[in-house]
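*Asks:* Sharing a sequence plus its predicted fold:
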Amino acid sequence: MTSQEVRAQFLNFFKEKNHKIVPSAPMVMKNDPTLMFTNAGMNQFKEFFLGNSVPKSKRVTDTQKCLRVSGKHNDLEEVGKDTYHHTMFEMLGNWSFGDYFKKEAIQWAWELLTEVYKIDKENLYVSVFEGSQDDKLELDQEAYDLWKEIVPEDRIIMGNKKDNFWEMGDQGPCGPCSEIHVDLRSKEEKAKVPGASLVNQDDPLVVEIWNLVFIQYNRKANGSLEDLPEKHIDTGMGFERLCMVLQNVKSNYDTDVFTPLIREIETITGHKYGKTEEADIAIRVVADHVRAVAFAIADGQLPSNTGAGYVIRRILRRAIRYGFTFLDTKQPFIFRLVKVLSERMGDAFPELSKHHQIIENVIKEEENSFLSTLEQGLVLLDSVIKSSKGKTIDGEKAFELYDTFGFPIDLTSLILEEKGYRLDVEGFEKALKAQKDRSRAASEVSKDDWTVLQQDAEQEFVGYDTLEANVKLVKYRKVSSKKEGDQYQLVFNLTPFYAEGGGQVGDKGYLEAPNGDVVYIVDTKKENNEIVHFAENLPKEVSGTFKAVVDQEQRFHTACNHTATHLLHQALREILGSHVEQKGSAVHAKHLRFDFSHFSKLSVEELREVENFVNARIEGQLPLQENRNIPIKEAMEQGAMALFGEKYGDTVRTVRFGHSIELCGGTHVKNTADIWHFKIVSEGAVAAGIRRIEAITSEAAKEFFFKNNRMLFEIKDLLNTSQDPVKAVASLQEENSALKKQVEQLLKDKAKGLKNELIAELKDINGIQFLAKKVDLDAGGIKDLAFAMGGQVDDLFLLLASENDGKAILSCYISKDLASNKGLNAGNIVRELGKHIQGGGGGQPFFATAGGKNPDGIPAALANAEELVLATT
RNA sequence: GGGGGAUUAGCUCAGUUGGCUAGAGCGCUUGCCUGGCAGGCAAGAGGCCACCGGUUCGAAUCCGGUAUUCUCCA
């Protein structure tokens, strides 16, 4: 059975049980600040479990792309070492939102596995939650009894809280679960050791394939549990593992999900899979990671140095590192796997084949840059080794290499080992922990429980039509972080505040209580489909009706920028071509940023054309035409642009200005004329094949033009010309450099004259060519002069003084031979003579300078110099 | 969001405790030599040492800030 068939049969099975098939949500989370990536099938349904929204269908089934790089069983550094862990994987699931519960979940799971997939019942084990004293929970008798009807009791295993109690996080919905495990070992081994004893023991051939979660509790902030009003089913079956079972192989990597990738890696690197342990691990790492990274990029997440982008970068770099070390790839090669990947999975996940060119470019670029980081690191490591005293390399040094220069610690340790050195691992771990603690402390957030004032199933957003509304507080909680201090999160029954989303910033504003008290709303964000308002403090009286008022100015400027973003998107597609796709946007009140796919730098003419295109539509006074509730299919037929990596519902909102139609939830101007003007302020690259435009509109554009204009007038004023200031500046620059050369020449001539003059004045004191004199030069000129004379006269002793801005300078030059023969030291001499001018100084034995604030002391210093020379001879 | 680095000639980079008249290699220009494969020799041009401020007699070097960039952590 091919993997495609496995996937299709799963979905079909549940479709026949009245489940609605829904598409996979994007792997990269956009609207949940608590999570960077989709890490389980249930993520996209979280709002239903929390009761924030009501699902359209109570039974749903899907396959979900997931990414896990941390957690108890998913340490990134472990992936590849065994044959069954992955960063990215697909999770097949069926769901009940307050509909069927344990009975159906258990029966259907069994039916699918044994009758559709025809897995031998003899190989299956199931587990049941044994209860937990901590939580005062008993054995999950209900599940046990249900299983007992299907499987012999010796195949039902008791599981502890760690394995059989599932939680979403520290807080929130949770419940006991039943896992289904399959024993893939040979007959002989089964006879030796019973399978039941190997369940959950990390045996690669006795593995969990399906987890049925019975969500029935809510965990509160203080750790206690309460019953949920509605009970839910959440199941997840690892797709890759299921394929392994059904394709009768011993490793996920031997299924047709991975073999095409592995064959391609073999072809490119010349290393055969299955020859050596080291190369095998490396091949698995590369095969797994390229999948994760490619899907993430397809979902719009580029590698970067912060947040989710950094996780992607780390995954990709780990693959590069393994290739570099164990597959001898010193050139980019991972990008070459994208083709195979998109051929294999493009049908199930069309975003992959659609974006394969960009994915290739980005990966290649990232490979190149990391390979040069590695090269640089090798040089640095070499110098660390050379400068180390013993045979142990300091952990802090290694950490510096890692932290500052990005050189991987495992490479450091490997190279050291080869060269017979030892790495101080403890020192490294200590430094790493210190850095982690620092980061964690800086971003620590603690959340109280919600205080619920009234029940309200779904809150309404009224902000498209009004900026003011009378609202009631539904619930609130305190949130503390180091950076923001104490803040309060408020949820209303309805709100005019737009929550951050679709690239647009959240609204600011205030809340007015009946007694006139005002609470400022500093930001608005969406969490699990709930609009959360952030306030610095809590209203004194939380019940009653508040007047919620959005900051009109910020909203207006943001709307101008958002509408301009749509027009810009349209302009780029018209002018550059339809390969242009939005890769990200940030709409603020003061400016907008738009990232899009394009292969080359925009020329000045293209930028001008884009600006003109947008401004023509602003001048065209196009009215906003919105449709708040239109079936997505219909919207697409009208040509609305949807963004990849966004999750859309069945019905969507479309925003139209002229020929620009986009699926968008943001706030817009009523008419493009409101924008006044659109001005691009910068254009540049953010990644291979991705460009970024930053632009301004309305007030910001006015301000921009005003400032520039004023500056131009000031420049004209200064230049005393009303004509072409560019020409004037150019000719000034030309003149300036000519004058500079002239001055330089004159100074040289003057110095030459002065030099000859001074040479004539030299006095022979016991073979020393001596001169102490005040000259009219600055410190640099004196230096030049002294060295010029030194080049011409041997046994020279010069003390030159000058006066500048009321300050005195003394410089002493002594020919090198003279200085060493007679033990003279210019530094000491100027320090001594500096006393006359109330100053100090120093330098080298043959040339030194001192400065002081008393020019009147110069004659005394000059006289003193002669005495000094007489004394030393 | 929190750290750590980097920024010096067209490019790749040296530059020690503040003082070496700011350097090397490659590239460039010019001349000479040369049956060569990165030709050889010689001469030369090319620097606001990222920017702004401070400390100091003196700052590429020390301190603070800004910008750009790399990197690690969350």
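*Replies:* Sure, I can see it.
*Asks:* Quick check, A:V199 in contact with A:I180.
*Replies:* No - A:V199 is not in contact with A:I180 according to C-beta atoms under 8 Å; the separation is 10.1 Å. Yep, even glycine has a C-beta here, placed from its N, CA and C like the rest.
*Asks:* Which neighbours do the two have in common?
*Replies:* Contact criterion C-beta atoms under 8 Å, 6 or more residues apart in numbering; residues shared by A:V199 and A:I180: A:125, A:208.
*Asks:* any idea whether the closest residue to RNA strand B within the stretch 701-850 of chain A is helix, strand or coil?
*Replies:* The shortest separation between the stretch 701-850 of chain A and RNA strand B is 2.5 Å, found at A:G842 (distances taken as C-beta to the nearest atom of the strand). Reduced to three states with DSSP: H, G, I helix; E, B strand; the rest coil, the structure at A:G842 is strand.
*Asks:* does it really touch A:L833, like I thought?
*Replies:* No - the pair A:G842 and A:L833 fails to qualify as a contact (C-beta under 8 Å) at a distance of 11.9 Å.
*Asks:* Got phi/psi on the nearest residue to A:M36 once chain neighbours are set aside?
*Replies:* Spatial nearest neighbour of A:M36, excluding adjacent residues (C-beta to C-beta, 6 or more residues apart in numbering): A:A308 at 4.3 Å. Summarising the backbone geometry of A:A308 under the convention degrees, to the nearest 10, its torsions are phi -60, psi -40.
*Asks:* contacting residues for A:A308?
*Replies:* Taking C-beta under 8 Å, 6+ apart, one finds A:28-29, A:36-37, A:296, A:301 in contact with A:A308.
*Asks:* which among those are in contact with RNA strand B?
*Replies:* If you filter the contacts of A:A308 for contact with RNA strand B, counting by C-beta under 7 Å from any atom of the strand, you are left with nothing.
*Asks:* Keep only those of those that are in helices.
*Replies:* By the criterion of DSSP state H, membership of these in helices covers A:A296.
*Asks:* where does the residue nearest to A:M36 land on pLDDT?
*Replies:* You'll see A:A308 listed with a pLDDT of 84.
*Asks:* hang on, the earlier thing: identify the farthest-apart pair in the contacts of A:A308.
*Replies:* The most widely separated members of those are A:M29 and A:A296, with 11.2 Å between them, by C-beta to C-beta.
*Asks:* Give me the common contacts of those two.
*Replies:* Contact criterion C-beta under 8 Å, 6+ apart; residues bridging A:M29 and A:A296 by contacting each: A:37, A:308.
*Asks:* Compare the two and say which one has the larger neighbour count.
*Replies:* Remark: of A:M29 and A:A296, A:A296 carries more neighbours, 29 against 22, as counted by other C-beta atoms under 10 Å.
*Asks:* what residue ranges in chain A score low on pLDDT?
*Replies:* In the predicted model, chain A carries pLDDT under 70 at residues A:31-33, A:71-74, A:457, A:482-484, A:644-645, A:722, A:726, A:729-749, A:873.
*Asks:* ok now do the residue in the stretch 1-150 of chain A that RNA strand B sits nearest to, which residues does it touch?
*Replies:* Among residues of the stretch 1-150 of chain A, the one nearest RNA strand B by C-beta to the nearest atom of the strand turns out to be A:S70. It sits 7.5 Å away. Going by C-beta under 8 Å, 6+ apart, A:S70 touches A:L76.
*Asks:* Tell me the secondary structure at it.
*Replies:* Looking at A:S70 with three-state DSSP, the answer is coil.
*Asks:* mind checking how far it is from A:G843?
*Replies:* Here A:S70 is placed at a distance of 58 Å from A:G843 (C-beta to C-beta, to the nearest Å).
*Asks:* same check, this time on A:P855
*Replies:* Computed with C-beta to C-beta, the distance linking A:P855 and A:G843 is 20 Å.
*Asks:* just A:K220 next, same as before
*Replies:* If you go by C-beta to C-beta, the gap between A:K220 and A:G843 works out to 73 Å.
*Asks:* Give me the more crowded residue out of the two.
*Replies:* Regarding A:K220 and A:G843, a neighbour count based on other C-beta under 10 Å identifies A:G843 as having more, with 19 against 14.
*Asks:* Leaving out chain neighbours, which residue sits closest to the more buried one?
*Replies:* The shortest distance from A:G843 to any residue other than its chain neighbours is 5.0 Å, reached at A:G827 (C-beta to C-beta, 6+ apart).
*Asks:* In three-state terms, label the one you found for me.
*Replies:* helix.
*Asks:* about what we covered before: tell me which residues touch the residue of the stretch 701-850 of chain A closest to RNA strand B, please.
*Replies:* A:G842 sits next to A:827, A:830-831, A:848-850 when contact means C-beta under 8 Å, 6+ apart.
*Asks:* Try it again at 7 Å.
*Replies:* Shown here is A:G842, whose contacts under the criterion C-beta atoms under 7 Å, 6 or more residues apart in numbering are A:827, A:830-831, A:848.
*Asks:* and if you look at A:K478?
*Replies:* A:448, A:486, A:488.
*Asks:* Make a ChimeraX selection of whichever of the residues you listed turn out to be buried.
*Replies:* Written as a ChimeraX command, the selection of buried residues from the contacts of A:K478, which uses 16 or more other C-beta atoms under 10 Å, is:
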select /A:488
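*Asks:* Restricted to strands, list the contacts of A:K478.
*Replies:* Of the positions in the contacts of A:K478, A:486, A:488 sit in strands, assigned by DSSP state E.
*Asks:* List, out of the contacts of A:K478, those positioned next to RNA strand B.
*Replies:* Restricting these to contacts with RNA strand B (C-beta under 7 Å from any atom of the strand) yields no residues.
*Asks:* Return the member of the contacts of A:K478 nearest to RNA strand B.
*Replies:* Nearest to RNA strand B out of those is A:D486 (C-beta to the nearest atom of the strand; 16.3 Å).
*Asks:* That closest one and A:D448 touch, don't they?
*Replies:* No - in terms of C-beta atoms under 7 Å, A:D486 does not count as a neighbour of A:D448; the distance is 10.1 Å.
*Asks:* so what secondary structure elements neighbour the helix or strand in which A:L568 is found?
*Replies:* A:L568 is part of helix A:552-575, with elements assigned from DSSP states H and E. Judged by 3 or more C-beta pairs under 7 Å, 6 or more residues apart in numbering; DSSP states H and E, helix A:552-575 is in contact with strand A:582-587, strand A:592-597, helix A:604-619, strand A:651-657, strand A:660-663, strand A:690-697, helix A:698-719.
*Asks:* what's next to it, contact-wise?
*Replies:* Outside helix A:552-575, the residues that touch it by C-beta under 7 Å, 6+ apart are A:467, A:504-505, A:507-508, A:580, A:582, A:585, A:587-589, A:591-592, A:594, A:596, A:606, A:609-610, A:613-614, A:617, A:655, A:657, A:659-660, A:662, A:666-669, A:672, A:674-675, A:678, A:693, A:695, A:697-699.
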